[in-house]
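>>> got a predicted structure here, sequence first:
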Amino acid sequence: MKVVMILVDSVNRRFLNCYGSKEPAFTPNLDRLAARGTVFENHWCGSSPCMPARRDIMTGRLNFLEKPWGGIEPFDQPLPKMLATAGVFSHIVTDHYHYIRVGGENYLNAFTTYELIRGQEKDPWKLRPEHANLKKPEAYRGTFSPDHEDNMAEFTEEQTYPTPVTMQHAAEWLEQNADADNLFLWTEGFDPHEPFDVPQAYLDLYAAEVKVDSNEPNFWPPYAKNTFTEEETKRLRVRYKALLSMTDAYIGRIFDVLDRHDMWKDTMVVFTTDHGYMLGEHGYWSKNYMPAYNEVFHLPLIIWHPEAKIRRFNGLTQNIDLYPTMLNLFGVDPKLQRHRISGKNLLPALMGETDKVRDEIIYGYFGKSVNYFDGRYTYFRAAKDPSNRPLYVYTAMPATSGKYYGTDSVEKENYSRIGYGHLGYTDYPVFRIPADIIGITSSSGGFGPRSEDNAESLVFDLASDYAQEHPLSDAAIEARCVEGLMRCMLAHQAPQEQFERLGL
């Protein structure tokens, strides 16, 4: 058996045809996979954003209750290493440069082999010394990065852009190894993550909606409330859809290899994303700082398995379920698993042996609201008071996105407050770092006092209000959600102070 896993970043499922989009992006290759495979209707992220979601997938446990962004821990048993115990050769091709930044440790070297494509976003790759302190030009709207400007100068044709290169290299690797067995190929495109820099040809696909010039200096929305005009917002949404279309076009190269070598008969293909993305919905751009709306946490998942019986699966599933699914598929000895995991095997769902995987889930960002879903009601549970405390980071790899929990973010007089402890599922000792000594205060990456965007506990009925525009005021429903939330937190072995922080 072989597996091709395609993980692309920041896909908002409301733009996909196979999920009934009212404003679909042009994605003929994902349509092609959906027509062949199983579309999971009720699939959810556990931990967001990028690295937390990847650790969820790699370990089968939720990351967001114990730490924010960070590396694979020394006590983790990442998916590729577990597959290796069953003789599976794993390879990753990715342009997700966060894997080589501080806070992205130990993911790539879990694979047998890996290839990193450079140049996305603020990847410190081609920046010239004279541009290091370049200021944002007056014409630019949104975010500006000198790194990005110099990187983009390298991409003169669409096939030289990082995500097209990534997918093309994955297709070539698969072609070269088409006759091999026991392969796990993880191919990962950074697009359609912002910035929405995309060749003109893909913007022209949407000319009937609005004509956008690829050189317009408005392609990078900030992590902030929407201050763009209605016209600017529309143009940015077209840019996002165009970037998704380019990604889809090169995913098609991988499917072409599967066609040429008749590999669909013995290859499982998985398409999903790490998290979604907000494009003006609820007045927000991007992710991380706003409530955990469906646009970010309700994800696409499409799986082709040559023996699958089900074409649409409505049961509740989560990203952590991919881990045990792969272990079961390749026959990894369960006795090798040192820790209890929370993921559920999806193979019975694919084979039509069950119509239910889960009754309820929790999800969220570290240090913000903890969120619950029972298949009908979503519940955002806010911190009990503005201090957002008590809160601790638990890690044996003391680094987060671009920073160490040391000289980068903790004053030396607070070093003595860093203690050690244990997580519920392992005896391996970890640092227990008080959140209030960590000097990361951005609305996107910080976990300081409770923000105004996460100040309320809210309940929504997705059966009648999927857009989450009309919170309910029903004490009985909220009480039921609170019970479910606590059940899930206990099942996931949440640190005790998380309950106290939420007033539970």
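Thanks, I have the structure now. Numbering: from 1, shown residues only.
>>> now the residue nearest the centre of the chain. Nearest residue, chain neighbours left out?
Centroid-nearest residue in the chain: D274, 1.9 Å away (criterion: Cα atoms, centre = their mean). Spatial nearest neighbour of D274, excluding adjacent residues (Cβ to Cβ, 6 or more residues apart in numbering): A53 at 3.8 Å. In short, each C-beta sits where N, CA and C put it, glycine included.
>>> on that earlier part again, and the residue nearest to the centre of the chain, how far is that from R450?
25 Å (Cβ to Cβ, to the nearest Å).
>>> in the lengthiest helix in the chain, which residues are buried?
Longest helix in the chain, counting residues (DSSP state H): helix 230-260. Counting neighbours by 16 or more other Cβ atoms under 10 Å, one finds that the buried residues in helix 230-260 are 232-255, 257-258.
>>> cool, and stretch 14-31?
Going by 16+ other Cβ under 10 Å, stretch 14-31 has these buried residues: 14-16, 18-19, 24-27, 29-31.
>>> out of those residues, which are inside helices?
Using DSSP H, these in helices are 29-31.
>>> just the residues you listed now: which is nearest G503?
Using Cβ to Cβ, L30 comes nearest to G503 of those, at 41.9 Å.
>>> count residues in the vicinity of H91, would you?
19 (other Cβ atoms under 10 Å).
>>> one step back: mean confidence (pLDDT) on the longest helix of the chain, please.
The average pLDDT for helix 230-260 rounds to 98.
>>> I'd like the next helix or strand past that helix.
Going down the chain from helix 230-260, the next helix or strand is strand 267-273, by DSSP states H and E.
>>> partner strands of that following strand and their direction?
strand 2-8 (parallel), strand 298-304 (antiparallel) (DSSP bridges).
>>> quick one: closest of those strands to A383.
Proximity to A383 (Cβ to Cβ) singles out strand 298-304 among the strands paired with strand 267-273, at 23.3 Å.
>>> other residues contacting the closest one?
Strand 298-304 has contacts (Cβ atoms under 8 Å, 6 or more residues apart in numbering) with 11, 13, 16, 18-19, 30, 33-34, 36-40, 42-45, 264, 267-273, 275-276, 317, 319, 346, 350.
>>> which of these count as buried?
Among the contacts of strand 298-304, the ones that count as buried (16+ other Cβ under 10 Å) are 11, 13, 16, 18-19, 30, 33-34, 37-40, 42-45, 264, 267-273, 275-276, 317, 319, 346, 350.
>>> restricted to strands, list those residues.
38-40, 42-44, 267-273, 317 (DSSP state E).
>>> ok so, going back, quick check: angle from the helix or strand harbouring the residue nearest to D274 to strand 267-273?
Taking DSSP H and E as the definition, A53 sits inside helix 50-59. When axes from the mean of the first three to the mean of the last three Cα atoms, to 10 degrees is applied, the directions of helix 50-59 and strand 267-273 differ by 150 degrees.
>>> packing partners of helix 50-59?
helix 79-84, helix 322-329 (3 or more Cβ pairs under 8 Å, 6 or more residues apart in numbering; DSSP states H and E).
>>> apply 10 Å and report the result again.
strand 2-8, helix 79-84, strand 183-189, strand 267-273, helix 322-329 (3 or more Cβ pairs under 10 Å, 6 or more residues apart in numbering; DSSP states H and E).
>>> tell me which other helices or strands the second one touches.
Using 3+ Cβ pairs under 10 Å, 6+ apart as the contact criterion, the elements in contact with helix 79-84 are helix 50-59, strand 89-94, strand 183-189, helix 322-329.
>>> for R432, which of these is the nearest?
With Cβ to Cβ, the closest approach to R432 among these belongs to helix 50-59: 18.5 Å.
>>> ok, the residue lying closest to D123 once chain neighbours are set aside - contacts?
Using Cβ to Cβ, 6+ apart and skipping the chain neighbours, the partner closest in space to D123 is Y97 (3.9 Å). Counting by Cβ atoms under 10 Å, 6 or more residues apart in numbering, Y97 touches 104, 116-125, 147, 151, 162, 190.
>>> how close does Y97 sit to I254?
21 Å.
>>> domain ranges for this protein?
2-350, 369-501 (automatic domain parsing).
>>> for these, give me TSV that also has distance to V357.
Below are those laid out as TSV (distance: least, Cβ to Cβ, whole Å):
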stretch	distance to V357
domain 2-350	5
domain 369-501	11
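>>> return the most buried member of these.
domain 2-350 (a mean of 20; mean count of other Cβ atoms under 10 Å).
>>> what's the first-to-last distance across it?
End-to-end distance for domain 2-350, by Cα to Cα, to the nearest Å: 16 Å.
>>> same deal with stretch 31-51?
End to end - Cα to Cα - stretch 31-51 spans 27 Å.
>>> how about stretch 447-454?
With Cα to Cα as the measure, stretch 447-454 spans 11 Å from end to end.
>>> mind listing residues that contact that stretch?
67-68, 225, 282, 284, 289-292, 364-369, 380-389, 391, 393, 400, 435-436, 438-443, 501.
>>> now, those residues that are in helices?
R501.
>>> got a markdown table for the helices and strands packed on helix 50-59, with mean pLDDT too?
What follows is the helices and strands packed on helix 50-59, written out as a markdown table (pLDDT from 0 to 100):
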| stretch | mean pLDDT |
| --- | --- |
| strand 2-8 | 98 |
| helix 79-84 | 98 |
| strand 183-189 | 98 |
| strand 267-273 | 98 |
| helix 322-329 | 98 |
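>>> what about the host helix or strand of C488, average pLDDT?
Following DSSP H and E, one finds C488 within helix 475-491. Mean pLDDT, helix 475-491: 98.
>>> please give me every residue in contact with the closest residue to G446 other than its chain neighbours.
Leaving aside its sequence neighbours, G446 sits nearest to I440 (Cβ to Cβ, 6+ apart; 4.7 Å). When contacts are counted by Cβ under 10 Å, 6+ apart, I440 touches 68-69, 400-403, 405, 408-410, 446-448.
>>> please redo it, this time with the cut-off set to 7 Å
403, 409, 446 (Cβ atoms under 7 Å, 6 or more residues apart in numbering).
>>> tell me the predicted confidence for it.
As summarised for this prediction, I440 has a pLDDT of 91.
>>> check the gap between it and M397 for me.
I440 sits 16 Å away from M397, going by Cβ to Cβ.
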